[in-house]
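K.L.:
Quick one, what's the 3D model for this:
(one chain, ligands or ions: 2)
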Amino acid sequence: MALTLTIMAPDDAHLHLRDGASLLYTVAASAQSFKRAVVMPNLVPPITSVDAAGAYRDRILQALPQGTSFTPLMTLYLTDQTTPETIDTVAASGFVRAIKLYPAGATTNAHAGVTQLERLMPVLERMTYHQIPLLMHGEVTDPLVDIFDREAVFIERVLAPLRGVLPELPMVLEHITTADAVAFCRAQSGRFAATVTPQHLLYQRNDMLVGGIRPHLYCLPILKRRHDQEALVQAVVSGDSRFFLGTDSAPHARHSKEAACGCAGVFNAPVAMEVYAHVFEEQNALDRLENFSSRFAADFYQMPHNTDTLTLIREPWVVPEQMSYGTQGSLIPLLAGQQLNWKVHHG
Ligand code: DOR
Ligand code: ZN
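P.N.:
Ligands and ions are numbered 1, 2, ... in the order given. Alright, predicted model coming up:
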């Protein structure tokens, strides 16, 4: 009989679902494995009000396949125009859980992001008052800073000073990619955490760039060195509650990835739980997967744990080469055409 692993149903603490017709494909892919997800607001235009977040939430729920249960946890996009009053409406909403900081221009649909964080101190203070988490795309956009250094420089120039001024502001450093980020996170106390993606646990920049460029591994923050990858793996398997699951699954149609100027983002939702299981198994830490996938984010966000379960079966399967993205063409999932040893059991 195949080996099985049954865990409390997981949550994805960082997810891009896009909008419109895309939702039919993205929501179904995530709902197969995850019960709840923190949904990113980088739409065009960005989600900047509780009303817009509510309407987006309704569209996500409408796209949910019949018989599946999946709760989108909404976020607002921080801009130079965000006011403390907006934060009061978030606190009163009951369904907007966090505010996302994109430094202006840092990544996909980040042009409306923040240009000078210092100017938003009244907003950040109000978030501290209401204990609303600030989720950070932790990269500086200074053109003089090398793309491989942008996370470490963000920590030094932006994050460490902000943490010094507002130590009580709950924060999540999203999709960490470096040993520097792991070390910073380990040194924090209080409500501070980091999410870690499947691709940053599986790969280093050589995998993307040696022997040919692999656009489907290109995401931001970009893959780093082997040393960084190893630090991330050790962080997640260590059982430290400050590191939890956030896939950053970020679909882009195949033609916009395989292009002269390809988009950043890895569509990993169809394989995410399987990849995390693989990484934990390789480190002999399968007994710690459930905390990472299903407890730590819920605890950070002060939500109850999920009551149902997810079963993974140790059974080799081959990831589809591509998946439909409706009129937008196709999506190439992480590990397309490759074998995985774990499979989420459906039904
Ligand atoms: O690679 C990325 N893609 N990084 C991000 O921060 C955003 C995301 C997207 O929305 O495509
Ligand atoms: Zn993201």
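
K.L.:
all contacts plus neighbour counts: C-alpha atoms, from now on.
P.N.:
Will do.

K.L.:
Poorly predicted segments of this protein, please.
P.N.:
For the chain, the stretches flagged by pLDDT under 70 are 1, 347.

K.L.:
residues from it in reach of ligand 1?
P.N.:
Within the chain, the positions adjacent to ligand 1 are 16, 107-108, 219-220, 250, 264-265 by C-alpha under 6 Å from any ligand atom.

K.L.:
If we use 5 Å, what do you get?
P.N.:
Contact residues, the chain versus ligand 1 (C-alpha under 5 Å from any ligand atom): 108, 219-220, 250, 264-265.

K.L.:
Just the residues you listed: which are in strands?
P.N.:
Applying DSSP state E to the residues of the chain next to ligand 1, no entry is found in strands.

K.L.:
This structure: helices as residue ranges?
P.N.:
For the chain, the helices defined by DSSP state H cover 23-31, 50-62, 84-93, 121-130, 150-154, 160-165, 179-186, 198-202, 205-209, 226-237, 254-257, 272-282, 289-290, 296-300.

K.L.:
I'd like to know how many residues surround Thr71.
P.N.:
18 (other C-alpha atoms under 10 Å).

K.L.:
Does it touch Arg36 like I think?
P.N.:
Yes. Counting by C-alpha atoms under 8 Å, Thr71 touches Arg36, with 4.6 Å between them.

K.L.:
For the longest strand along the chain, name the packing helices and strands.
P.N.:
Secondary structure assigned by DSSP E gives strand 309-318 as the longest strand of the chain. Secondary-structure packing of strand 309-318 (3 or more C-alpha pairs under 8 Å, 6 or more residues apart in numbering; DSSP states H and E): strand 4-8, strand 339-344.

K.L.:
What's the end-to-end length of stretch 305-325?
P.N.:
32 Å (C-alpha to C-alpha, to the nearest Å).

K.L.:
next one: stretch 29-39
P.N.:
Counting by C-alpha to C-alpha, you get 14 Å between the two ends of stretch 29-39.

K.L.:
for stretch 14-22, same thing?
P.N.:
Using C-alpha to C-alpha, the two ends of stretch 14-22 sit 17 Å apart.

K.L.:
Equivalent analysis for stretch 330-345, please.
P.N.:
Using C-alpha to C-alpha, the two ends of stretch 330-345 sit 24 Å apart.

K.L.:
Give me the contacts around that stretch.
P.N.:
Residues lying outside stretch 330-345 but in contact with it, judged by C-alpha atoms under 8 Å, 6 or more residues apart in numbering, are 33, 199, 216-217, 251-254, 266-271, 273-275, 277-278, 310-325.

K.L.:
mind checking how far the closest residue to Leu17 other than its chain neighbours is from ligand 1?
P.N.:
Spatial nearest neighbour of Leu17, excluding adjacent residues (C-alpha to C-alpha, 6 or more residues apart in numbering): Thr26 at 5.5 Å. Relative to ligand 1, Thr26 is positioned 13 Å away (C-alpha to the nearest ligand atom, to the nearest Å).

K.L.:
Any idea how many residues pack against Asp287?
P.N.:
Around Asp287 there are 14 residues (other C-alpha under 10 Å).

K.L.:
Kindly provide the distance from it to ligand 1.
P.N.:
Distance from Asp287 to ligand 1, counting by C-alpha to the nearest ligand atom: 30 Å.

K.L.:
From Thr108, how far out is Phe154?
P.N.:
18 Å.

K.L.:
Please apply the same query to Asp287.
P.N.:
Asp287 is 35 Å from Thr108, by C-alpha to C-alpha.

K.L.:
One more: Gly326?
P.N.:
Distance from Gly326 to Thr108, by C-alpha to C-alpha: 21 Å.

K.L.:
circling back to that earlier point, which residues touch the residue nearest to Leu17?
P.N.:
Applying C-alpha under 8 Å, 6+ apart to Thr26 gives the contacts 17-18, 251, 269.

K.L.:
How about Leu101?
P.N.:
77-79, 113-114, 134-137.

K.L.:
Looking at strand pairing, list the partners for it.
P.N.:
Beta-bridge partners of Leu101, counted by DSSP bridges, are Met136.

K.L.:
between Phe154 and Thr108, which one's more packed in?
P.N.:
Phe154 (19 against 15).

K.L.:
which of the contacts of stretch 330-345 are buried?
P.N.:
33, 199, 216-217, 251-254, 266-271, 273-275, 277-278, 310-314, 319, 323, 325 (16 or more other C-alpha atoms under 10 Å).

K.L.:
ok so, going back, contacting residues around the longest strand of the chain?
P.N.:
2-10, 33, 274, 336-345.

K.L.:
Can you flag the buried ones in those?
P.N.:
Among the contacts of strand 309-318, those buried by neighbour count (16+ other C-alpha under 10 Å) are 5, 7-10, 33, 274, 336, 340, 342-345.

K.L.:
Just the terminal-to-terminal distance for stretch 185-201.
P.N.:
17 Å.

K.L.:
What residues sit buried inside that stretch?
P.N.:
185-186, 191-201.

K.L.:
Please apply the same query to stretch 39-48.
P.N.:
39-43, 46-48.

K.L.:
Also stretch 281-288?
P.N.:
Going by neighbour count (16+ other C-alpha under 10 Å), the buried part of stretch 281-288 is 281, 285-286, 288.
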